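Trainee: here's a sequence, model it:
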Amino acid sequence: MLRTASSLKGTSIAATDGSIGSLDDTYFDDKSWTIRYLVVDTGTWLPGRKVLISPRSVRLGTDEHAIPVALTRTQVENSPSIDADKPVNRQYEEEFSRYYGYPYYWAGPYRWGASQYPGDLTTPVETASVTAREAGGDPSLRSTRDVTGYYIEATDGDMGHVEDFVIDDREWAIRYMIVDTRNWWPGKKVAISPDWIRRVSWQESKVYLDLDREAVKRAPEYDPDHPLQRDYETRLFRHYGRRNYWE
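Mentor: Reported below is the predicted structural model:
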């Protein structure tokens, strides 16, 4: 199911024995454009604290009102604490994975390491530990909230800014950035796949596309009032002459 980051914000996170708070933000890695963590504001339950939840714990059947996770409140309460104002480093990720018994997502050929989907917990953490150390360095995790508002530049000029993200809640992949073109082509919003990005300048807060403005201008318009459906995606990929991701 495709859902926007803005629609997920504020959604209740339901542990097996009660609510643990609401979704405040999401962190994605800028290599595969995959949501790695849900940032949960624990509200009055654990005042002043935010916790990270991996999509690995999200149970199927997510609805508009709550995201169920296969965790208890005690597990979440005792999980490694984070400073939401500081970057998440690899050392923390390893500690987090060991605590929950999750395989390392960076140790393997697929989006979630040894598997394509986060719920496939097939590789014990111990077998991936050497690979994790060999990988080294810190992850390139970004906040969807922080990247919202980044400028978008086509091959021949500016064309808008990032307004939202469309997330596939099965793989937790970012399928599209929603771009508002109001300062160039008023009244239109378009969906842009991360595969069509040449590079991102995190220092300039700017995304550079490998598309020209005329191609974007003629692209099927994105309507935020209607769920993004496969027929729209098919028309979008056909318009740009790109291979679709679902095949």
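Trainee: which stretches of this protein form helices?
Mentor: Remark: helices assigned in the chain by DSSP state H are 5-8, 73-77, 90-100, 125-135, 144-147, 213-217, 230-240.
Trainee: okay if I get these as TSV plus mean neighbour count and distance to residue 50?
Mentor: C-beta coordinates here come from the backbone N, C-alpha and C atoms, glycine included. Formatted as TSV, the helices of the chain follow (neighbours: other CB atoms under 10 Å; distance: least, CB to CB, whole Å):
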stretch	mean neighbour count	distance to residue 50
helix 5-8	18	16
helix 73-77	16	11
helix 90-100	17	13
helix 125-135	14	24
helix 144-147	18	13
helix 213-217	16	36
helix 230-240	15	33
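Trainee: which of these has the lowest mean pLDDT?
Mentor: When the helices of the chain are compared by mean pLDDT, helix 125-135 comes last with a mean of 47.
Trainee: and the gap between residue 101 and residue 40?
Mentor: Distance of residue 101 to residue 40, computed by CB to CB, to the nearest Å: 19 Å.
Trainee: quickly list what the residue nearest the centre of the chain is bridged to.
Mentor: With distances taken as CA atoms, centre = their mean, residue 35 lies nearest the centre of the chain, 2.9 Å away. Taking DSSP bridges as the rule, residue 35 bridges to residue 28.
Trainee: who's in contact with it?
Mentor: 26, 27, 28, 55, 144, 167, 172, 173, 174 (CB atoms under 8 Å, 6 or more residues apart in numbering).
Trainee: now with 6 Å?
Mentor: 26, 28, 172 (CB atoms under 6 Å, 6 or more residues apart in numbering).
Trainee: need those residues in a markdown table (columns: pLDDT).
Mentor: Formatted as a markdown table, these follow (pLDDT from 0 to 100):
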| residue | pLDDT |
| --- | --- |
| 26 | 97 |
| 28 | 97 |
| 172 | 97 |
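Trainee: between these, which is nearest residue 198?
Mentor: residue 28 (18.3 Å; CB to CB).
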